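Colleague: below: sequence and its predicted model.
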Amino acid sequence: MPGWAEDIPTVGTVPLSPDPRALESLGRNHSLATALSDLVDNSVDAGADHVLIRFIRHRGRICSLYVVDDGRGMSAAAIDNAMTIGGRRTYHERDLGHFGMGLQSASFSQARTLTVFSRAVGCEAVGRRLALHRRSDFHADMVPSDFAGHELGRDWSMNLARHGTVIRWDEVTGFPVTTDDARVEEFISEALRSVSGHLGLIFHRILAANRVTIHLDVEDVDTQQVGGRFEVSPLDPFGYRRTGRSGYPKEITATDFSTRLTFRCHIWPGRSAMPQFRLSSDPAHHQGLYIYRRERLIQAGGEWGGLAILGRRLQLARVEVDIDDDVSGLLRMNPEKSKVQAGPEFVRLVETARAADGTTFADYLETAEQAFRESRKRTRARRPMLPPGRGFTPALRRTLGAEVPFTDDDRPIEIRWRRFEDDDFFEVDRDNRTLWLNDLYRSRVLGGRRGGLNDSPILKATLYLLVEEVFQGEYLGPRDKDNINLWQEVLTAAAKSEKE
């Protein structure tokens, strides 16, 4: 029987080309919002001052999406490298890119077809396209220069005459296939909310430093009209007005022979209703480590890296950590740049961390728990209210649910628009549990912005708090009727005086 051989002989090599279908597995962990943040990374690295994300509506459906920037743009050679799977450019000290696959993994996680148009200073416009279902190899389609120039020259409200890049997604898998106006409008409203919220959080430091502006809009190509433009605002997860505990935030530093990590430990004030605290869901989901790389947020809480167990008692605790690439094997970023995995030495290093006053990380966690317990002590219970329904954004419904208890009644209050026969501002419809608003004043209230099922959230939240009580009980009492008359007179007069 032959024995073991230490060396393995070879007689040549065989080329093994990757299967183009492997593209379909890229970016499986991306959502629409995280995929777009990956593309914005490229725009920031290209030195863009402005980024625009545009949804395209055609024949009633949302069908395509653009990401446009006025950065340096690309030559023919540069765009070929950018479209190459795993093609890595030269990264500079402040660049947000890392793996060399962000464009492809982000795009093919959401769309079947990716087209890139670009122009660098002194170069002609170039375009390349990759389509998943039309490829049997890794060749990219070359788009004629005149069409690339046409796409770059569209009305993006930024100057791309000398340089810039346009990324186009077609056959976007996550867009609804329906042409029903209400469902399409609801999707657009939620997509704009979730994408702008995510980008505002991920790039909050960069936006606050005015390094770039990001806008979102919707274009109906059939009517050639572009709706109102929404600017992404920075959403600082540490943006409280006052600390939840005296002495915080506090810096706790861990050091070994080759690594120094500083943890800036925060304690939010209890029961905060600020969007910076609530973010996209239950605040308990947003405790933990907030890890930044080159001013870009990589991990937005939700993890403690083995330092603690997620639970409601720590929901006021958030920790800032700045890293640069893989910190000596302690922390490793995932390809989607949305999570960081802690290595086995991470917990041991943090256990040695101390603040200048001797505070340990365990001391910090204990203080955060105590602050949470104290914040739960209420002096007076809030009255249960009827739940909000259609006409309210999901974020507004979540905030109301967190602040007030709802009744057991399963019929929510809706706030909707419709045309009235008179000029009253609102109508209380107790039978259908709906507060109707007069469509006559809708354009004035919106101020030229695009309307939708969940539009005017400030107005609707105010009206809900004002009129919710008149929907309870079996009938309207004299006081309720008098209040309704008062509100009607004042609000109708205010609406009439509002300029178009």
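Modeller: Looks like it came in fine.
Colleague: quick one: strands adjacent to the helix or strand of the chain with the lowest mean pLDDT?
Modeller: In the chain, no helix or strand scores lower on mean pLDDT, DSSP states H and E than strand 331-333, which sits at a mean of 83. Sheet pairing of strand 331-333 (DSSP bridges) gives strand 340-342 (antiparallel).
Colleague: chain center to the strand it pairs with: distance?
Modeller: Centre-to-centre, strand 340-342 and its host chain are 21 Å apart (C-alpha atoms, centre = their mean, to the nearest Å).
Colleague: also stretch 128-135?
Modeller: 28 Å.
Colleague: again with stretch 129-143
Modeller: 30 Å.
Colleague: could I get the buried residue list for it?
Modeller: Neighbour counts over stretch 129-143 (16 or more other C-beta atoms under 10 Å) mark Arg129, Leu130, Ala131, Leu132, Ala140, Val143 as buried. (C-beta placed from N, C-alpha, C; glycine too.)
Colleague: pLDDT (mean, whole number) over that stretch?
Modeller: Averaging pLDDT along stretch 129-143 yields 80.
Colleague: what's the first-to-last distance across it?
Modeller: Stretch 129-143 has its terminal residues 7 Å apart, counting by C-alpha to C-alpha, to the nearest Å.
Colleague: test my guess that His30 contacts Ala106.
Modeller: Yes. With contact defined as C-beta atoms under 8 Å, His30 counts as touching Ala106 (6.0 Å).
Colleague: of the two, who's got more company?
Modeller: Ala106 (30 against 22; other C-beta atoms under 10 Å).
Colleague: pull out the buried residues from stretch 364-373.
Modeller: Across stretch 364-373, burial judged by 16+ other C-beta under 10 Å covers Tyr364, Leu365, Thr367, Ala368, Glu369, Ala371, Phe372.
Colleague: confirm Arg449 sits in a helix?
Modeller: No. Using DSSP: H, G, I helix; E, B strand; the rest coil, the assignment for Arg449 is coil, not a helix.
Colleague: please name the nearest non-neighbouring residue to it.
Modeller: Gly228 (3.8 Å; C-beta to C-beta, 6 or more residues apart in numbering).
Colleague: quick one: contacts for Ser157?
Modeller: Leu52, His215, Arg229 (C-beta atoms under 8 Å, 6 or more residues apart in numbering).
Colleague: could you check the pLDDT of the second one?
Modeller: Reading off the per-residue confidence, His215 sits at a pLDDT of 98.
Colleague: residues near Leu314, how many?
Modeller: Neighbours of Leu314 (other C-beta under 10 Å): 20.
Colleague: gap between it and Arg61?
Modeller: 44 Å (C-beta to C-beta, to the nearest Å).
Colleague: do a quick rundown of the helices in the stretch 1-150 of the chain.
Modeller: 32-45, 76-83, 102-108, 145-152 (DSSP state H, counting those that start in this stretch).
Colleague: what lies in contact with the longest one?
Modeller: Meaning helix 32-45. 27, 30, 51, 53, 67, 69, 71, 92, 95-97, 102-103, 105-107, 109-110, 165, 167, 174, 191, 194-195, 197-199, 202-203, 206, 211-212, 214, 296, 336-338.
Colleague: with stretch 162-170 instead?
Modeller: Contacts for stretch 162-170 (C-beta under 8 Å, 6+ apart): 39, 42-43, 46, 48, 63-74, 103, 107, 110-121, 151-152, 154, 156, 158, 160.
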